[in-house]
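Novice: My questions are about this predicted structure, shown below with the sequence.
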Amino acid sequence: MSSSTTKHHNHDHDQPHDHDHNHQHTGKGAHKHSHHHGHGGHSHSHAHTSNKKSLTLSFFLIFSFMIVEVIGGFVTNSLALLSDAGHMLSDAAALGLSLLAMIWGQRKASNSKTYGYKRFEVLAAFINGVALVVISLYIFWEAFQRFSQPQGVASTGMLIIAVIGLLVNIAAAYVLMKGEGASSNLNMRSALLHVMGDMLGSVGAIAAALLIMAFGWNLADPIASVIVAVLVLISAYRITRDSVHILMEGTPVDIDTAQMTADLEGIEHVMGVHDLHVWSLTSELPLLSCHLRISDMAQGTAILQAARTLLQGQYGIGHITIQLETPDIACEVNEH
């Protein structure tokens, strides 16, 4: 004979909510399972709206000037300007993709996409990172060609366009940094890195233009391109590495699973922890699942509450799934 108790709280996605699911059977072969999901929906929604506005304004700023810089690069025959324009083109695509990811991320979960489309933000960041790598390699190749055959550059026009470009990039970076997720949201961070790379590109083009004007040193143009390409490549590596880590279900870098296991085992009546998995759906949403082996199933509710308080308070994890087991009814362990 068995009994089952299930408790649900229905909630609206955009409001603060707290969701608990407890499922308990008594008798032989019993397991107790708890699922908890809680976060502040209002603050998340506000940050989301702020980020979307920042991305939209930055996109139009970057895209508009990119057209000017492409034309200016051809007119002045400046590789530094053309490489910066190429980077700005990738920026415009990156910002547009980030914006699309943010809009798609709002779509509701379905039977086939039970987490919704939030992971698309990480996929967008990965595509952005790969695009930056490709553009950096192209700039290296073009610069190599110019080292062997230096070309004349219209330095005055190059300087004017580069200065305007720097001002546009500063404005776009300022708009993005005002967004509430600029530091923690991987997608926003990738967009900001693109724009910061552009700022460096504009600084490099300004320096090259001044050197050409002062000393007639046309090699300054490809040299500036290479310096920018190196800096862009570093940013590309970081954002690609971080997004791949999330896509591979890696443990968030700020979480020590060994310490977490020790903390959980320190809860009264907990005898051991296994099948502990911590991963991220997006850069801002860590998830956890684990099995706790306990000495007394009658203490199950208190143990679940203690574990939930620990994981939320010390590790900032809101989406928690825990299964309780006693030694005589433990499920088969399947460690990966």
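Specialist: Cool, the structure landed. Numbers count the residues shown, from 1 in each chain.
Novice: For the biggest strand by length in the chain, C-alpha coordinates in PDB please.
Specialist: Counting by DSSP state E, the longest strand found in the chain is strand 270-282. Provided in PDB are the C-alpha atoms of strand 270-282 (Å, rounded to 0.1, in the frame of the first residue of the first chain):
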ATOM      1  CA  VAL A 270      22.800  12.900   5.200                       C
ATOM      2  CA  MET A 271      25.100   9.900   4.800                       C
ATOM      3  CA  GLY A 272      26.400  10.600   1.300                       C
ATOM      4  CA  VAL A 273      25.900  12.500  -2.000                       C
ATOM      5  CA  HIS A 274      26.100  11.000  -5.500                       C
ATOM      6  CA  ASP A 275      25.100  11.800  -9.100                       C
ATOM      7  CA  LEU A 276      25.700  15.500  -8.400                       C
ATOM      8  CA  HIS A 277      25.400  17.600 -11.500                       C
ATOM      9  CA  VAL A 278      25.700  21.400 -11.800                       C
ATOM     10  CA  TRP A 279      25.300  23.100 -15.100                       C
ATOM     11  CA  SER A 280      24.000  26.300 -16.700                       C
ATOM     12  CA  LEU A 281      21.100  26.800 -19.000                       C
ATOM     13  CA  THR A 282      22.400  30.300 -19.700                       C
END
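Novice: and that strand, what's its mean pLDDT?
Specialist: On average, the pLDDT along strand 270-282 is 91.
Novice: what does that strand contact?
Specialist: Residues outside strand 270-282 that contact it (C-beta atoms under 8 Å, 6 or more residues apart in numbering) are 105, 115, 118-119, 121-122, 185-187, 246, 249-252, 255, 257, 260-261, 264-265, 286-295, 303, 307, 317, 319, 327, 333-335. C-betas here are computed from N, CA, C, even on glycine.
Novice: List only buried entries from the residues you listed.
Specialist: 105, 118-119, 121-122, 185-187, 246, 251-252, 255, 257, 260, 264, 286-288, 290-294, 303, 307, 317, 319 (16 or more other C-beta atoms under 10 Å).
Novice: Please narrow those residues to those residing in strands.
Specialist: P286, L287, L288, C290, H291, L292, R293, I294, H319.
Novice: which residues sit in contact with Y315?
Specialist: Contacts here follow C-beta under 8 Å, 6+ apart; on that basis Y315 touches I255, M260, P286, L288.
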